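Asks: I need the structure of the sequence given here:
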Amino acid sequence: MRDDAVHMAGRMRLGWNVGNTMEAIGGETNWGNPLVSDRLIRLVKQGGFDAIRLPVAWDQYADPKTGKISDTWLARVKQVVQYCVDNDMVVLVNIHWDGGWLQENFTADRQAAVNAKQKAYWEQIATLLRDFDGHVLFASANEPDVKDAGQMAILASYHQTFVDAVRSTGGRNAYRVLVVQGPSTDIEKTNKLMTAMPTDTVPGRLMAEVHFYTPFNFALMTKDEAWGKQAYYWGAAYHSRTDTARNATAGEEALVDDLFGRMKAQFVDKGIPVLLGEFGAIRRSQLTGDDLKLHLASRAYYHKYVVKTALKNGMIPFYWDTGDLGPNSFGLFDRKNGTVFDRQTLDAMREGASGE
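Replies: The predicted model follows:
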């Protein structure tokens with residue numbers, strides 16, 4: 001537990017999300033992925049990752065009257081955390097979307113109830129995982145839907161409740177590194193609205209978190225809209241000469257440099273590491289021929305550039321992987337067969353993490 005946030009960040013180069021699994025509404029396998037196994041965590045480590053972000057739902061497993069989380073679910077989460085620690089992986093445990101009880105409630109009339117639930121859940125989660133060493137980090141939320149300074153003040157209260165609840169459980173949690181999320185985990189909103197971190201009882205043990213799916217029309221957009229079209233090609237050297245309507249026209253290298261540089265100035269340069277808790281761009285495997293080849297090359301370059309630029313600015317990148325292997329998907333690994341599925345993107349991120 002001697003590692004503070006800065007030293008802990010120095011132990012991580014490349015992280016991976018176990019997406020659409022333990023946060024799945026209805027149960028761990030309800031969104032199409034198999035149960036998380038030690039084999040999967042070993043596969044991810046062998047792929048070059050040294051950190052795991054574990055999105056988790058808790059509310060559906062809790063008694064709505066008492067807030068008590070199911071012992072069976074607590075034991076299952078602890079088992080998965082143990083897989084990560086046994087494989088010498090840093091593991092970030094969060095409260096994910098979880099039905100939106102925190103993520104979608106930033107009004108004064110809901111603040112007290114949300115804070116009460118935040119306190120109850122984190123006291124249980126922190127107590128469950130208290131004996132793990134510094135490999136285990138906790139994250140307050142996922143993507144809190146905050147749009148203005150008034151809502152940011154309410155989010156700050158949720159984060160403070162999180163920090164206080166974890167610290168109150170004592171033991172190693174008195175020193176554990178904790179992570180708090182910017183408004184909507186949007187870099188520009190975080191730069192504007194997140195002007196302070198929570199108060200803590202121990203110095204230098206907090207990190208900030210933002211996410212990155214920019215530009216939207218390249219990273220996430222799956223159908224053309226009246227206001228704009230999907231982009232298939234990203235990066236100055238990867239624009240198509242024939243399919244020009246699908247070239248990214250904004251949000252390329254210069255914007256990545258700018259936004260990540262803002263996080264460095266706002267947090268990293270002040271001793272507060274930043275996790276890029278989610279990033280990625282979908283694989284448009286429904287394309288064919290030269291269009292598909294160029295898209296995949298540009299997508300690989302995108303992931304390499306994001307990883308390399310994040311690390312250059314003191315941010316730790318965590319790739320978002322939903323486990324889906326079809327068109328418009330993020331999957332790196334075939335979780336059912338225990339194999340690498342998207343070697344091109346995996347190699348690109350490893351190159352970015354190595355500084356190549």
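Asks: can we go C-alpha only for contacts and neighbour counts from here?
Replies: Fine.
Asks: quick one: the helices in the stretch 251-356 of the chain?
Replies: Using DSSP state H, counting those that start in this stretch, the helices assigned to the stretch 251-356 of the chain run over residues 253-266, 289-312, 343-354.
Asks: And these: which comes nearest N30?
Replies: Among the helices of the stretch 251-356 of the chain, helix 343-354 comes nearest to N30, with 26.2 Å by C-alpha to C-alpha.
Asks: So which elements touch the closest one?
Replies: helix 289-312 (3 or more C-alpha pairs under 8 Å, 6 or more residues apart in numbering; DSSP states H and E).
Asks: one step back: now the helices of the stretch 251-356 of the chain as JSON lines including mean pLDDT, mean neighbour count and distance to R13?
Replies: Formatted as JSON lines, the helices of the stretch 251-356 of the chain follow (pLDDT from 0 to 100; neighbours: other C-alpha atoms under 10 Å; distance: least, C-alpha to C-alpha, whole Å):
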{"stretch": "helix 253-266", "mean pLDDT": "98", "mean neighbour count": "17", "distance to R13": "16"}
{"stretch": "helix 289-312", "mean pLDDT": "98", "mean neighbour count": "21", "distance to R13": "7"}
{"stretch": "helix 343-354", "mean pLDDT": "98", "mean neighbour count": "20", "distance to R13": "6"}
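Asks: Report the contact partners of F330.
Replies: By C-alpha atoms under 8 Å, 6 or more residues apart in numbering, the contact list for F330 reads G280, A281, I282, R283, W320, D321, T322, G323, D324.
Asks: Turn the helices of the stretch 251-356 of the chain into JSON lines, including distance to I25.
Replies: Converted to JSON lines, those look like this (distance: least, C-alpha to C-alpha, whole Å):
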{"stretch": "helix 253-266", "distance to I25": "32"}
{"stretch": "helix 289-312", "distance to I25": "29"}
{"stretch": "helix 343-354", "distance to I25": "28"}
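Asks: how far away is R343 from G48?
Replies: Distance of R343 to G48, given as C-alpha to C-alpha, to the nearest Å: 12 Å.
Asks: quick one on the thing from earlier: closest to N337 out of the contacts of F330?
Replies: Minimum distance to N337 across these is 11.8 Å, recorded for G323 (C-alpha to C-alpha).
Asks: Now do the phi/psi pair for the nearest residue to the closest one once chain neighbours are set aside.
Replies: The shortest distance from G323 to any non-neighbouring residue, by C-alpha to C-alpha, 6 or more residues apart in numbering, is to G331 (4.6 Å). G331 adopts backbone torsions of phi -60, psi 130, taken as degrees, to the nearest 10.
Asks: Roughly how far does G331 sit from Q344?
Replies: Using C-alpha to C-alpha, one gets 12 Å for the distance from G331 to Q344.
Asks: again, but for E104
Replies: Where Q344 is concerned, E104 sits at a distance of 36 Å (C-alpha to C-alpha).
Asks: try L102
Replies: Distance from L102 to Q344, counting by C-alpha to C-alpha: 37 Å.
Asks: what about the most centrally placed residue in the chain, distance to F138?
Replies: When C-alpha atoms, centre = their mean is applied to the chain, the residue found nearest the centroid is G277 (2.6 Å). Distance from G277 to F138, counting by C-alpha to C-alpha: 12 Å.
Asks: Repeat that for R53.
Replies: Counting by C-alpha to C-alpha - R53 and F138 are separated by 10 Å.
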